[in-house]
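In: Here is a sequence together with a model predicted from it:
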Amino acid sequence: MISEVCSDNLSQLPTYLYSAEQTRALDHALITKLYDRGYDLMEKAGSAAFKFIQQQYPQHRSFKIFCGKGNNGGDGLVIARLALESGYDVEVIFATELTSPEKELSETCYLAFQALNKLKIKVQSFDSWKTLQPSAQIQTNKTVLIDALLGTGLSGTVKPSYKAVIDFINAAEFSAVYSIDVPSGLSSDSGMELGCAVHADITLTFIGINKGLVTGNSRNFTGRLFFSGLGTPEDIYDQVKSSTKLLSLEEINTESYKRKPAGHKGDSGRAVFIGGVDGLNGAAVLASEACLRSGVGLLTAIVGERAILPILTRSPEIMVQPLLSDNTVSQITTSLQNAHAVCIGPGLGKSSAAKEAVIAVLKQKLPTIIDADALNLLSENPEIWKQHGHSQCILTPHPKEAARLLNIPPESVNQNRFLAIEQLVDKFACTVLLKGSGTLISSKRNNILVCICGNESLSVGGAGDTLSGILLAALAKSRNALNAANYGAFVHGYAAELASQDGVIGVLPSDLMPFIRLIINKTAI
Ligand SMILES: NC(=O)C1=CN([C@@H]2O[C@H](COP(=O)(O)OP(=O)(O)OC[C@H]3O[C@@H](n4cnc5c(N)ncnc54)[C@H](OP(=O)(O)O)[C@@H]3O)[C@@H](O)[C@H]2O)[C@@H](O)CC1
Ligand SMILES: [K+]
């Protein structure tokens, strides 16, 4: 069975995600158990890929198959043979010159090459193919380009000869670009392009889903991502332990989010939000409303003066007070007396009152969400966390905030989000939610969840504030930081998808509110 890797299919997808090395171990275990040779598995992968292309593009009878010299290229050669046997018009183009196939191709790829050779098809190198057909004459209409250049075996920056091919593919206007296993050039470990990568319309990946296909920049390249387990038996997966999981509702205990029929407001969680000072008032409005729509029982918002009126106008249910600049500590200590959870940071600013507020909050040792400016205050004043940090916190950095917390350049976070979250968890010993496409959540070493819900509608100001509000309600109700982080990320991302039904552009974080409510009512059962 082939399933699309998307929020609607989470229950059908495998639980674990794998590194390139782990995928190789899975392949090896599978070949040892079920097949005589790696080539039989390649036949299976190629055949699944060919059938899927036929299904996706029934009108297209022309394939241009770009191959590398490893097993990813071998998959392409199997597709080429099957397509020729089915009467398709096929061209096979190797990225570089092939002078001695037996020596240059991987062992398994060479077997696929020999099988294809029996059909007497001419295999060309990219350079000679390009010379013979100036780009103006290259037939792209009704032609599917199959990208079998590089798969999980890519290491280091893409070599110039391959980059030239990838640049050509991205510039040409084929009807569709279909990547086998991984868009060539994308790291299947980090989700970042290694110099360049193919922009696919569809990617079909096999056996295990690579971690790099669901986070980082992967969505810029994979197009729609599909997965086929190729009938791999369950016990093969038991042989390769992964510490990274796909976040689905099965990972979340939604029991605490239910309403008791005879419950009262305190049972639904008492929460306090601190932030939204003047100039940044909107953060408080969005976070407060998202918190209410996420079902919190009672919310107090301690905010800048100018946020009071808009908050009360939108949501008179909220108890609002101005954040005092001269008596911050006692104000916060009093407000938190009966609270189940607190969120500090969105629109907080970095004034001395803000710093005092962060310390006062941490001293209470309550379940706490630390976001935005509160994170920056921790970066600039590391002694605050050293003295007052605790494990019931959720830190919610975006990559730049994460870089500041770790005192490393932002590129280092982006190049390896999985490593960055491990370092954050090591350093802060609490739950961390690393924002970005394919949100990562972790509360202990060797245990990372990847949330694939959400889309580019969230790349606007205010999206993070809305997430903070959802997390605050979840934390006030569950009082379990990891569970609340998982649920909050799921609800926020999925609400963004539902709010984007007419397109992702122009969706406002405030548009998410009815969908937040809808998802919580549907899932907290
Ligand atoms: N295992 C199995 O049985 C099955 C595996 N399957 C398939 O195999 C794929 C994995 O195959 P793989 O391990 O052979 O690696 P692959 O992705 O083809 O890359 C190796 C090639 O890339 C090259 N290369 C590397 N770095 C480079 C760079 N920076 N820039 C440029 N080139 C670079 C490298 O060249 P070299 O460095 O050796 O000169 C070598 O030629 C997997 O994704 C799936 O599609 C399926 O058929 C199921 C069965
Ligand atoms: K590929």
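Out: Ah, there it is. Ligands and ions are numbered 1, 2, ... in the order given.

In: how about Ile93, phi and psi?
Out: Phi and psi for Ile93, reported as degrees, to the nearest 10, are phi -130, psi 120.

In: next one: Lys44
Out: Phi and psi for Lys44, reported as degrees, to the nearest 10, are phi -60, psi -40.

In: how about the closest residue to it other than its chain neighbours, what does it touch?
Out: Spatial nearest neighbour of Lys44, excluding adjacent residues (CB to CB, 6 or more residues apart in numbering): Leu230 at 5.3 Å. C-beta: built from backbone N, CA, C; applies to glycine. Residues near Leu230 by CB atoms under 8 Å, 6 or more residues apart in numbering: Leu30, Leu41, Lys44, Ala45, Ala48, Phe206, Ile207.

In: Leu230 - that's part of a helix, no?
Out: No: counting by DSSP: H, G, I helix; E, B strand; the rest coil, one finds Leu230 to be coil, located in no helix.

In: Does the residue in the stretch 201-350 of the chain positioned nearest to ligand 2 belong to a helix, a strand or coil?
Out: Of the residues in the stretch 201-350 of the chain, the one nearest ligand 2 is Thr203, at a distance of 7.9 Å by CB to the ion. Taking three-state DSSP as the rule, one finds Thr203 in the strand state.

In: Show me the helices in the stretch 351-500 of the chain, by range?
Out: Under the criterion DSSP state H, counting those that start in this stretch, the stretch 351-500 of the chain contains helices at 352-363, 372-380, 382-388, 399-406, 410-415, 417-428, 463-478, 481-499.

In: tell me what the fifth one is packed against?
Out: Secondary structure elements in contact with helix 410-415, counted by 3 or more CB pairs under 8 Å, 6 or more residues apart in numbering; DSSP states H and E, are helix 399-406.

In: Now the helix it packs on: average pLDDT?
Out: Model confidence over helix 399-406, given as mean pLDDT, is 98.

In: same check, this time on stretch 237-247
Out: Per-residue pLDDT values over stretch 237-247 give a mean of 96.

In: That stretch vs ligand 1: in contact?
Out: No: Stretch 237-247 is not in contact with ligand 1 by CB under 6 Å from any ligand atom; minimum separation 13.1 Å.

In: quick one: the residue of the stretch 251-400 of the chain found nearest ligand 1 and ligand 2, what's the gap?
Out: When distances are taken as CB to the nearest ligand atom, the stretch 251-400 of the chain approaches ligand 1 most closely through Pro399, which lies 24.4 Å from it. When distances are taken as CB to the ion, to the nearest Å, Pro399 and ligand 2 turn out to be 26 Å apart.

In: Which residue comes closest to that residue once chain neighbours are left out?
Out: Val413 (4.5 Å).

In: wouldn't that neighbour be in contact with Ile421 here?
Out: No: in this structure Val413 lies outside contact range of Ile421 using CB atoms under 8 Å: 9.0 Å.

In: intersection of neighbour lists for those two?
Out: Between them, Val413 and Ile421 have Ala402, Leu434 as joint contacts when contacts are counted by CB under 8 Å, 6+ apart.

In: The two - which one has more neighbours?
Out: Shown here are Val413 and Ile421; by other CB atoms under 10 Å, Val413 has more neighbours (26 against 23).

In: what's near enough to touch the more buried one?
Out: When contacts are counted by CB under 8 Å, 6+ apart, Val413 touches Pro399, Lys400, Ala402, Ala403, Leu406, Ala420, Leu434.

In: Relative to ligand 2, how far out is it?
Out: As defined by CB to the ion, Val413 lies at a distance of 26 Å from ligand 2.

In: What is the burial count for the closest residue to Val296 other than its chain neighbours?
Out: For Val296, ignoring the flanking residues on the chain, the nearest one in space by CB to CB, 6+ apart is Ala473 at 4.0 Å. If you count neighbours by other CB under 10 Å, Ala473 ends up with 30.

In: Kindly provide the distance from Ala473 to Asn9.
Out: Taken as CB to CB, to the nearest Å, the spacing of Ala473 relative to Asn9 amounts to 27 Å.

In: Same check on Ser391?
Out: When CB to CB is the yardstick, Ser391 and Asn9 sit 34 Å from each other.

In: Number of residues surrounding the residue of the stretch 301-450 of the chain found nearest ligand 2?
Out: Per CB to the ion, Gly438 is where the stretch 301-450 of the chain lies closest to ligand 2, at 19.4 Å. The burial metric for Gly438, expressed as a neighbour count using other CB under 10 Å, is 26.

In: which residues touch it?
Out: With contact set as CB under 8 Å, 6+ apart, Gly438 has these partners: Gly191, Val214, Thr215, Gly216, Ser218, Arg219, Arg417, Val450, Cys451, Ile452.

In: OK, contacts around the residue of the chain found nearest ligand 2?
Out: At 4.2 Å from ligand 2, Ser184 is the closest residue in the chain, using CB to the ion. For Ser184, the residues meeting the contact criterion (CB under 8 Å, 6+ apart) are 68, 72, 147-151, 154, 158, 162, 166, 197-198.

In: From these, list the ones also adjacent to ligand 2.
Out: On the criterion CB under 5 Å from the ion, Asn72, Asp147 are the entries of the contacts of Ser184 that sit beside ligand 2.

In: Just the contacts of Ser184: which are in strands?
Out: Asp147, Ala148 (DSSP state E).

In: Which of the contacts of Ser184 fall within helices?
Out: Among the contacts of Ser184, the ones falling in helices (DSSP state H) are Asn72, Tyr162, Ile166.

In: By neighbour count, which of those wins?
Out: Neighbour-wise, the ones in helices among the contacts of Ser184 (other CB under 10 Å) top out at Asn72, 26 neighbours.

In: isn't that residue right next to Leu150, touching?
Out: Yes: between Asn72 and Leu150 there is a contact at 5.8 Å, judged by CB under 8 Å.

In: Now do the shared contacts for these two.
Out: Shared contacts of Asn72 and Leu150, counting by CB under 8 Å, 6+ apart, come down to Val182, Ser184.

In: Flag every residue of the stretch 101-250 of the chain that's near ligand 2.
Out: With CB under 5 Å from the ion as the criterion, the stretch 101-250 of the chain meets ligand 2 at residues Asp147, Ser179, Ile180, Ser184.

In: Out of those, flag the one nearest to Leu366.
Out: Ser179 (47.2 Å; CB to CB).

In: residue farthest from the centroid of the chain?
Out: Outermost residue of the chain with respect to the C-alpha centroid, by CA atoms, centre = their mean, is Lys120; its distance is 43.5 Å.

In: Just say helix, strand or coil for that residue.
Out: coil.

In: Count the neighbours of Val198 for me.
Out: For Val198, using other CB under 10 Å, the count is 27.

In: who touches it in this structure?
Out: Val198 sits in contact with Asp147, Leu149, Ile166, Ile169, Asn170, Val177, Ser179, Pro183, Ser184, Gly185, Leu186, Phe221, where contact means CB under 8 Å, 6+ apart.

In: Narrow those to those in strands?
Out: Among the contacts of Val198, DSSP E puts Asp147, Val177, Ser179 in strands.

In: Make CSV out of those and add neighbour count, pLDDT and distance to ligand 1.
Out: Rendered in CSV, the data for the ones in strands among the contacts of Val198 read as follows (neighbours: other CB atoms under 10 Å; pLDDT from 0 to 100; distance: CB to the nearest ligand atom, whole Å):
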residue, neighbour count, pLDDT, distance to ligand 1
Asp147, 30, 98, 10
Val177, 24, 97, 16
Ser179, 32, 98, 10
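
In: which one of those residues is nearest Tyr237?
Out: Within those, proximity to Tyr237 (CB to CB) peaks at Ser179, which comes in at 23.6 Å.

In: And the closest one, how far from Asp147?
Out: According to CB to CB, Ser179 and Asp147 sit 4 Å apart.

In: same thing with Leu309?
Out: Look at Leu309 and Asp147: by CB to CB, they are 55 Å apart.
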